[in-house]
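S.K.: Please find the sequence and the predicted model below.
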Amino acid sequence: MIQVENLSKHFGPVVAVDRVSFQVGRGEIVGFLGLNGAGKSTTMKILTGYLPATSGIARVAGFDVMTQSLDVRRNIGYLPENVPLYPEMRVEEYVAFRAKLKGVPRRERAARIDFCLDRCRLREVKRRLLGTLSKGYRQRVGLADAMVHNPPILILDEPTSGFDPLQKRETLTLIKEFGEKRTVLLSTHILSEVEAICDRVIMIARGRVGLSRTLDDLEPTAAVLVETKATEAEIRQALATLEEVRAVRCVPDEEGWLACTVETERDVDARAKIGETIAARGWPLRRLERKRVRLEDAFFDVLRAQDPAQAPDEPGATLASSEAYRRA
């Protein structure tokens with residue numbers, strides 16, 4: 001349904017998208033991940049006809065985005081990161097206006113408008129002026145707009161931005177239902193959202209695709225998070241004696257503690273042996289916690305490969321790295 005081949009976009013000397021290639025099939029929900037400025041929104045704007053590409057080919061629903069942009073727009077629902085709305089219009093009035101613009105047949109229009117107001121939880125504010133809505137409600141109006149003509153493809157840029165936890169859950173459920181028979185490409189900064197609803201993930205850094213794999217292929221590994229006061233060489237040497245340990249990655253913090261991620265076999269809980277090993281050497285222990293690390297590790301691996309300044313020096317160095325990213 002979406003085919004991208006060697007797509008590039010230059011803004012003067014700045015390369016926003018650099019020879020990107022990927023495909024999204026019918027019935028797939030694909031997460032598009034990357035830091036701010038990585039090229040996600042630019043790629044989506046090219047796919048939806050809002051920006052021309054500098055070079056390369058992009059086809060949506062079989063239509064070329066450069067030469068058949070009207071056909072592309074008839075087959076997509078697009079939710080931009082910042083939803084442009086007419087502040088003087090009311091919610092229901094706006095959705096009806098957009099349905100008419102998008103060519104929803106008159107006999108189906110009322111049902112589609114009612115469906116979108118209901119599923120996007122807008123019924124309680126349908127008489128409100130758009131200019132008085134919070135960001136969360138504005139996003140929901142944008143989602144209703146994207147869905148009102150029942151397109152086969154949804155392209156969503158940060159669809160849950162500004163939502164409270166309940167709104168996020170409801171919206172993700174709606175997107176997952178939509179993706180059962182249609183194609184969804186969505187960008188987000190929240191990795192848990194991708195894990196909850198996506199079939200596949202595309203990670204982009206510095207305008208280039210660093211990874212395109214299904215979530216099932218990103219096999220989860222078990223990890224034990226350790227914080228102790230020892231040198232990295234000492235902790236590596238001590239834990240190397242344990243057969244359950246596959247790898248040890250550490251970074252020091254400002255207080256002198258060494259934060260380590262100790263990768264183990266998938267179904268092994270090595271906390272007891274790791275704790276005993278550290279205690280036997282008389283090192284203080286501040287943290288000993290079991291985690292499953294999957295998507296976050298892959299994300300930081302891509303950053304390190306294509307944008308070293310934005311990522312920890314070693315793969316999966318510490319959970320603190322991912323927590324710092326979430327706070328950013």
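M.R.: Done, it's in.
S.K.: Isn't L242 up against A272?
M.R.: No. In this structure L242 lies outside contact range of A272 using C-beta atoms under 8 Å: 10.6 Å. For the C-beta atoms, the positions are set from N, CA and C on the backbone; glycine is no exception.
S.K.: So which of the two has more stuff around it?
M.R.: L242 (17 against 9; other C-beta atoms under 10 Å).
S.K.: Can you get me a residue count around the closest residue to the more buried one other than its chain neighbours?
M.R.: Residue nearest to L242 in three dimensions, not counting chain neighbours: K273, with 5.5 Å by C-beta to C-beta, 6 or more residues apart in numbering. For K273, the neighbour count with other C-beta under 10 Å is 18.
S.K.: now K273: how far from E265?
M.R.: Remark: distance between K273 and E265 (C-beta to C-beta, to the nearest Å) = 12 Å.
S.K.: same thing with W257?
M.R.: Taking C-beta to C-beta, one finds W257 at 26 Å from E265.
S.K.: Have a look at those two and say which one is more surrounded.
M.R.: In this view W257 and E265 are compared by other C-beta under 10 Å, and W257 has more residues nearby, 17 against 13.
S.K.: Mind splitting this protein into its structural domains?
M.R.: 2-75+151-214, 221-327 (automatic domain parsing).
S.K.: Spell out which residues are contacts of both of K273 and E265.
M.R.: Counting by C-beta atoms under 8 Å, 6 or more residues apart in numbering, the residues touching both K273 and E265 are E244.
S.K.: export the domains of the chain to a markdown table and tack on mean pLDDT and distance to R90?
M.R.: Listed next are the domains of the chain as a markdown table, based on pLDDT from 0 to 100; distance: least, C-beta to C-beta, whole Å:
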| stretch | mean pLDDT | distance to R90 |
| --- | --- | --- |
| domain 2-75+151-214 | 89 | 20 |
| domain 221-327 | 76 | 36 |
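S.K.: Return the most buried member of those domains.
M.R.: Highest mean neighbour count among those (mean count of other C-beta atoms under 10 Å): domain 2-75+151-214, with a mean of 19.
S.K.: quick one: terminal-to-terminal distance for it?
M.R.: 16 Å (C-alpha to C-alpha, to the nearest Å).
S.K.: Next, the contact list for the residue positioned nearest the centre of the chain, please.
M.R.: Central residue of the chain (C-alpha atoms, centre = their mean): T188, 3.3 Å from the mean position. Contacts for T188 (C-beta under 8 Å, 6+ apart) come out as G31, F32, L33, E158, P159, T160, V194.
S.K.: do the same with L211
M.R.: Counting by C-beta under 8 Å, 6+ apart, L211 touches V201, I202, M203, A298, D301, V302.
S.K.: Kindly reformat the contacts of T188 as JSON lines containing secondary structure.
M.R.: Shown next, in JSON lines, are the contacts of T188 (DSSP: H, G, I helix; E, B strand; the rest coil):
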{"residue": "G31", "secondary structure": "strand"}
{"residue": "F32", "secondary structure": "strand"}
{"residue": "L33", "secondary structure": "strand"}
{"residue": "E158", "secondary structure": "coil"}
{"residue": "P159", "secondary structure": "coil"}
{"residue": "T160", "secondary structure": "coil"}
{"residue": "V194", "secondary structure": "helix"}
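S.K.: mind putting the domains of the chain in a markdown table, distance to L130 included?
M.R.: As requested, the domains of the chain are exported to a markdown table (distance: least, C-beta to C-beta, whole Å):
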| stretch | distance to L130 |
| --- | --- |
| domain 2-75+151-214 | 14 |
| domain 221-327 | 31 |
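S.K.: how about these, which one is nearest A110?
M.R.: Nearest of the domains of the chain to A110, taken as C-beta to C-beta: domain 2-75+151-214 at 18.6 Å.
S.K.: which pair in the contacts of L211 spans the largest distance?
M.R.: Checking these with C-beta to C-beta, the most distant pair is I202 and D301, at 14.3 Å.
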